[in-house]
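In: make a model of this:
(2 chains)
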There are 2 protein chains.
Amino acid sequence: MTFFQIFEQIQRKHSFLCIGLDTDLKKIPQHLLTFDDPAFEFNKQIVDATHDLAIAYKPNLAFYENRGVTGWQTLEKTARYIKKKDENLFLIADAKRGDISNTSGQYAAAFFEALPFDAITVAPYMGEDSIAPFLSYPGKWVILLALTSNKGAMDFQLTEDHTGSKLYEIVLKKSQDWGSKDNMMYVVGATQAEMLHDIRKIIPDHFLLVPGIGAQGGSLEDVARYGMNSNCGLIVNSSRGIIYASNGVDFAEKAREEVMILQEQMKVILKK
Amino acid sequence: MTFFQIFEQIQRKHSFLCIGLDTDLKKIPQHLLTFDDPAFEFNKQIVDATHDLAIAYKPNLAFYENRGVTGWQTLEKTARYIKKKDENLFLIADAKRGDISNTSGQYAAAFFEALPFDAITVAPYMGEDSIAPFLSYPGKWVILLALTSNKGAMDFQLTEDHTGSKLYEIVLKKSQDWGSKDNMMYVVGATQAEMLHDIRKIIPDHFLLVPGIGAQGGSLEDVARYGMNSNCGLIVNSSRGIIYASNGVDFAEKAREEVMILQEQMKVILKK
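Out: Below you'll find the predicted structure:
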């Protein structure tokens, strides 16, 4: 998927919302447990109820791997269902992978060949050759961790070098040589909204994937104020706040209501 | 598995060898392709031929995920086979995971509950709360990336803060507060052997998982010279140099021959 296709979808839907599919059998409505694949049924109903208002879906791999083969079957079915529903939906594997080149190449094959994902989240610690194999796929994207939404982001990401540059800034700067705004995005947590102002000085044009709205406490208004650019430049993710809005039979309907609230806010923000 | 159990196995087998199962259908002997699960058959024969000389096995997750559900089935069967063969074999998921706490908890469940792994490799970028969930399992281990064996290790891991500490040293120091030598190890590439001298000043007692022997060019003698401690303190991994020693019907036999060469060297080193 191209930069332009993503932007076009944002304009058409008046939305820059990504829905995180952190699908947990312990949290989904109990009536779904009678289905052959309850997690897939949950994802399917969430997608059916929200695909016209969201531009992206982001299955979180941990919530599939924890059920082994069965979970991986759910992941495959979910990924194919989303792409069949609308091939323009941007499909992100939230996998936080990254290894030596030979191994990253296998992960790239896993998500970009065996599965129809458009993008994968990657951890930067192992450097360029751990990321390059993902960038060798035309139309596919690396979403590199920069400044994450969790407390542990303080442990290393804010470490300053002798010039005063923080590690996440070094990641942003150095990775500019590896890819472009057309195949790389960055993860910046919504809980770090004020830092978006400085981040935009380093990467004015790239899309940012912004988790942390909702359950983690980030503010959509702040994220837009500091992080938006002329091509929107933001894909804001919400997971638990949407998919677990209700754990009754009305879960998909309630999820849609939550999505509509966010999409209305996004519509207003995009108009400005 | 306890620190003592690992050390006891090293003493008994005169070996600190880990065999990496980077099992690639394109590289395994072609006669195996007639089996229902060729990758499992390959792993099984490698394990059968080497389990008395190796102390650990390390399936590399990328080589299983790239075949989707089928690959995950191979992984499960392989993990259970190794533990059934000898429950003292230290089983490492080379997965390079790490995410916000809620998600890392699911990865921990994936590898420590749904699967019988003893340890998992974890990337440090997201900090303490991304690692803590793995450490909450008694008898299970986090193997944290410190200084990796690839070229990209130079990109961020050697970044110096204002005191001159490199990022990987900061990772080593800070993570001392999160776990102990009884539930944490560190990845230090064999290609970085001279740096082991300084690393041992920071973590004298921890086990190190050392990849990079063989195909990646690291030297066993150098690793032992700079990295060994009074409890051995090393688990040295070799993958391609062992498992692809031959691609004929004699692959398991040739793998054993490669393992015997390494184990003989290790026996001599351990005697000193």
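In: next, give phi and psi for the one residue in the stretch 151-272 of chain A that gets nearest to chain B.
Out: Going by Cβ to the nearest Cβ, chain B is nearest to A:Gly152 of the stretch 151-272 of chain A, at 2.4 Å. Backbone N, C-alpha and C define where each C-beta goes, glycine included. Main-chain torsions, A:Gly152, degrees, to the nearest 10: phi -60, psi -10.
In: try the one 10 residues further on
Out: A:His162 has phi and psi values of phi -70, psi -20 when expressed as degrees, to the nearest 10.
In: quick check: it touching B:His162?
Out: Yes - here A:His162 reaches B:His162: they are 5.4 Å apart, a contact under Cβ atoms under 8 Å.
In: helix, strand or coil for A:Leu209?
Out: Following DSSP: H, G, I helix; E, B strand; the rest coil, A:Leu209 is assigned to strand.
In: what residues are up against it?
Out: By Cβ atoms under 8 Å, 6 or more residues apart in numbering or on different chains, A:Leu209 lies in contact with A:18, A:58, A:92, A:121, A:143, A:185-188, A:235, A:237.
In: in chain A, which spans are helices?
Out: Along chain A, counting by DSSP state H, helices occupy A:3-13, A:38-50, A:62-65, A:68-85, A:101-109, A:128-135, A:153-156, A:167-175, A:195-202, A:220-227, A:240-243, A:251-271.
In: per-residue confidence averaged over the third one?
Out: Meaning helix A:62-65. On average, the pLDDT along helix A:62-65 is 98.
In: the nearest residue to A:Leu208 once chain neighbours are set aside - how many residues pack around it?
Out: Excluding the flanking residues, the one nearest A:Leu208 by Cβ to Cβ, 6 or more residues apart in numbering or on different chains is A:Val188, at 4.9 Å. Per other Cβ atoms under 10 Å in any protein chain shown, the neighbour tally for A:Val188 reads 30.
In: wait, A:Val188 sits on A:Asp198?
Out: No - in this structure, A:Val188 is not within contact of A:Asp198 by Cβ under 8 Å, at 10.7 Å.
In: that older thread, from the contacts of A:Leu209, which land in strands?
Out: A:18, A:58, A:92, A:121, A:143, A:185-188, A:235, A:237 (DSSP state E).
In: redo the residues you listed as CSV? Include pLDDT.
Out: Shown next, in CSV, are the ones in strands among the contacts of A:Leu209 (pLDDT from 0 to 100):
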residue, pLDDT
A:Cys18, 98
A:Lys58, 98
A:Ile92, 98
A:Thr121, 98
A:Ile143, 98
A:Met185, 98
A:Tyr186, 98
A:Val187, 97
A:Val188, 96
A:Ile235, 98
A:Asn237, 96
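In: tally of neighbours for A:Thr2?
Out: 12.
In: so how far is A:Asp182 from it?
Out: 7 Å (Cβ to Cβ, to the nearest Å).
In: what's the pLDDT at the residue in chain A sticking out farthest from the centre?
Out: The outermost residue of chain A, judged against the average C-alpha position, is A:His162 (32.4 Å), by Cα atoms, centre = their mean. The per-residue pLDDT reported for A:His162 equals 91.
In: what's the answer for A:Gly214, then?
Out: Reading off the model, A:Gly214 has pLDDT 73.
In: now stretch A:103-118: buried residues?
Out: A:103-112, A:114-115, A:117-118 (16 or more other Cβ atoms under 10 Å in any protein chain shown).
In: can you narrow the residues you listed to ones near chain B?
Out: With Cβ under 8 Å from any Cβ of the partner chain as the criterion, the buried residues of stretch A:103-118 include A:103-107, A:109-111, A:114-115 near chain B.
In: for A:Ala224, what are its contacts?
Out: A:234, A:269.
In: hmm, I typed the wrong one, I wanted A:Ile120.
Out: Contacts of A:Ile120 (Cβ under 8 Å, 6+ apart): A:92-93, A:95, A:97, A:107-108, A:111-112, A:134, A:140-143.
In: ok so, going back, any chance of CSV for the ones in strands among the contacts of A:Leu209, columns distance to B:Phe207?
Out: Output for the ones in strands among the contacts of A:Leu209, formatted as CSV (distance: Cβ to Cβ, whole Å):
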residue, distance to B:Phe207
A:Cys18, 40
A:Lys58, 35
A:Ile92, 35
A:Thr121, 29
A:Ile143, 33
A:Met185, 37
A:Tyr186, 34
A:Val187, 31
A:Val188, 35
A:Ile235, 41
A:Asn237, 37
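In: select only the buried ones of these in PyMOL?
Out: Selection of buried members from the ones in strands among the contacts of A:Leu209 for PyMOL, criterion 16+ other Cβ under 10 Å:
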select buried, chain A and resi 18+58+92+121+143+185+186+187+188+235+237
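In: how near is A:Arg240 to A:Gly20?
Out: From A:Arg240 to A:Gly20 the distance is 8 Å (Cβ to Cβ).
In: neighbour-wise, which of these two wins?
Out: Of the pair A:Arg240 and A:Gly20, A:Gly20 is the one with more neighbours under other Cβ under 10 Å, namely 25 against 15.
In: which ones are touching the residue nearest to the more buried one when sequence neighbours are not counted?
Out: In space, and not counting its chain neighbours, A:Gly20 is closest to A:Ser239: 2.9 Å by Cβ to Cβ, 6+ apart. By Cβ under 8 Å, 6+ apart, the contact list for A:Ser239 reads A:19-22, A:58, A:60, A:211, A:214-215.
In: closest to B:Lys271 out of those residues?
Out: A:Asn60 (48.8 Å; Cβ to Cβ).
In: what's the local residue count around the closest one?
Out: Other residues close to A:Asn60 by other Cβ under 10 Å number 28.
In: bridged to it, which residues?
Out: Going by DSSP bridges, A:Asn60 is paired in beta bridges with A:Asp94.
In: was I right to think it contacts B:Thr103?
Out: Yes - with contact defined as Cβ under 8 Å, A:Asn60 counts as touching B:Thr103 (5.9 Å).
In: quick revisit: go through the helices of chain A and pick out the most buried.
Out: A comparison of the helices of chain A by mean neighbour count, using mean count of other Cβ atoms under 10 Å in any protein chain shown, puts helix A:62-65 on top with a mean of 26.
In: tell me what it is packed against?
Out: Here helix A:62-65 touches helix A:68-85, helix B:101-109, going by 3 or more Cβ pairs under 8 Å, 6 or more residues apart in numbering or on different chains; DSSP states H and E.
In: closest one to A:Ala193 among those?
Out: Using Cβ to Cβ, the helices and strands packed on helix A:62-65 put helix B:101-109 closest to A:Ala193, at 20.6 Å.
In: can you tell if the closest one touches chain A?
Out: Yes - applying Cβ under 8 Å from any Cβ, one finds helix B:101-109 touching chain A at B:101-107, B:109.
In: what's the angle from that helix to helix A:68-85?
Out: 130 degrees (axes from the mean of the first three to the mean of the last three Cα atoms, to 10 degrees).
In: could you list every residue that touches the nearest residue to A:Glu65 once chain neighbours are set aside?
Out: Computed as Cβ to Cβ, 6+ apart, the closest residue to A:Glu65 that is not its neighbour in sequence is B:Ala110, at 4.0 Å. B:Ala110 makes contact with A:62, A:65-68, A:71 under the criterion Cβ under 8 Å, 6+ apart.
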